[in-house]
Each structure stands twice: as C-alpha cells, then as structure tokens.
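>>> A structural model of the following input is requested.
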Amino acid sequence: LSHSCAYNNAQLRARLMKPGDAEVWCSPAGFHHVGGSVSRVLGALALSGAVVVVTEPKGSVVVDLLARTRVTHAGLIGKLALDFLDAVGAGRTFPALTSVALGGTTVTPDIVQRIIDAVGVAVVNGYGQSETPHITGTRSDDSPEDRLYTIGRPLPQREVCIMRPGTTEY
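So this is what the prediction gives:
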C-alpha cells in the first residue's frame, strides 16, 4: 500500500467509529497485519489518539491491557476474539471502552453477540484485504441486526458491485 492509501483507509474508517477526545486504540494484531498497522495505529494517529501496543497476542493480555490502560477502541481478529471471551470472565468491566472492531476472518453472529454481552459496547465488523483494506463495515449506530448479520455497507470512496460468475453482468 502507498502511504496515502494506508492513511486514507485508516482515517476514513476511524471517523465512522464516531471517536471523541482522548481516544486510546488497541489491537493485538501485529503491525505486519493491516488490522494492527492501518486500522489501529494509523486510525488512532490520524485522529490524534494514542495507541496501546500489545506485546503478546493472547486474550488474557488484551483483557489486562483494556483494564489498565483505559482503551476506548479495541480490535480483535480471528481466534483471538474467542480467546478474549474466555479471558474476560464474569463481571469484568472496562469503563473507557466504547467499541470493539472485528475482522480478519468470518465472524459469526454468535461471537458478535457474546462480545456485546461480555463487555457491553458496540461491536462493529468489516471486510477488507491486505491489498484493499476497509472495503465495507458496520457502524456503532447501525441496527443490531445489521451489526450481527452483515459486514456493513461500502465505506466512503468505495465502489462495490456483485458480479454473476462467468459473466460481466452485475
């Protein structure tokens, strides 16, 4: 990705999360993954936020960091969402947390609902690729049905079409 592409992807997606002042972003995705480098690091910095670096991608480490550092936006990818749920435990609260973003793999409605129940914040989901991050995404103010059962709508400056296999029709 060019610097311009990475930055524009990050700031456009970050703005849709409706951030406030003094935002603190965290993702256990390594900086080699667009979820870590573009979504969290550049997203936070584009909006004058701070970034909490996760040194070990484990659910228990993420839970501890969310409690200790007052993270406002967390991102989880793949199996780490399940590890996070196992580590949260009953009655754990994160007063500063306002949203959790999911991606990197298929996310079932059950996992989305379990995270909502566990931490009590908006869970947003999206679709992208390393080569074209942030193609679609849900927003924290979308209906619960949209956030549970879809990967959202095209983000700003995106064009999406559904093509019939083997044809040029859409």
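
>>> tally of neighbours for Y149?
13 (other C-beta atoms under 10 Å). C-beta: built from backbone N, CA, C; applies to glycine.

>>> For the helix or strand of the chain with the lowest mean pLDDT, which outside residues touch it?
Lowest on mean pLDDT, DSSP states H and E among the helices and strands of the chain sits helix 34, with a mean of 73. By C-beta atoms under 8 Å, 6 or more residues apart in numbering, the surrounding residues in contact with helix 34 are L1, G128, S130, P133.

>>> In terms of secondary structure, what does the following helix or strand past that helix contact?
For helix 34, the following helix or strand on the C-terminal side (DSSP states H and E) is helix 43-46. Contacts defined by 3 or more C-beta pairs under 8 Å, 6 or more residues apart in numbering; DSSP states H and E place helix 43-46 against helix 3-16, strand 24-27, strand 50-53.

>>> Which one, of these, ends up nearest to C161?
C161 lies closest, by C-beta to C-beta, to one member of these: helix 3-16, at 19.7 Å.

>>> circling back to that earlier point, determine which stretch of the helices and strands packed on helix 43-46 is the most buried.
Neighbour counts (mean count of other C-beta atoms under 10 Å) averaged over each of the helices and strands packed on helix 43-46 peak at strand 24-27, with a mean of 24.

>>> Can you spell out which helices and strands pack onto that strand?
Using 3+ C-beta pairs under 8 Å, 6+ apart: strand 24-27 touches helix 43-46, strand 50-53, helix 59-69, strand 73-77.

>>> Next one, pLDDT for the residue nearest the centre of the chain please.
Nearest to the geometric centre of the chain sits A101, at 2.4 Å (C-alpha atoms, centre = their mean). You'll see A101 listed with a pLDDT of 88.

>>> so which strand or helix has it?
strand 99-103.

>>> Relative to its centre, which residue of this protein is most distant?
T167 (33.8 Å).

>>> Which of the three states applies to that one?
coil (DSSP: H, G, I helix; E, B strand; the rest coil).

>>> Good, we can wrap up now.
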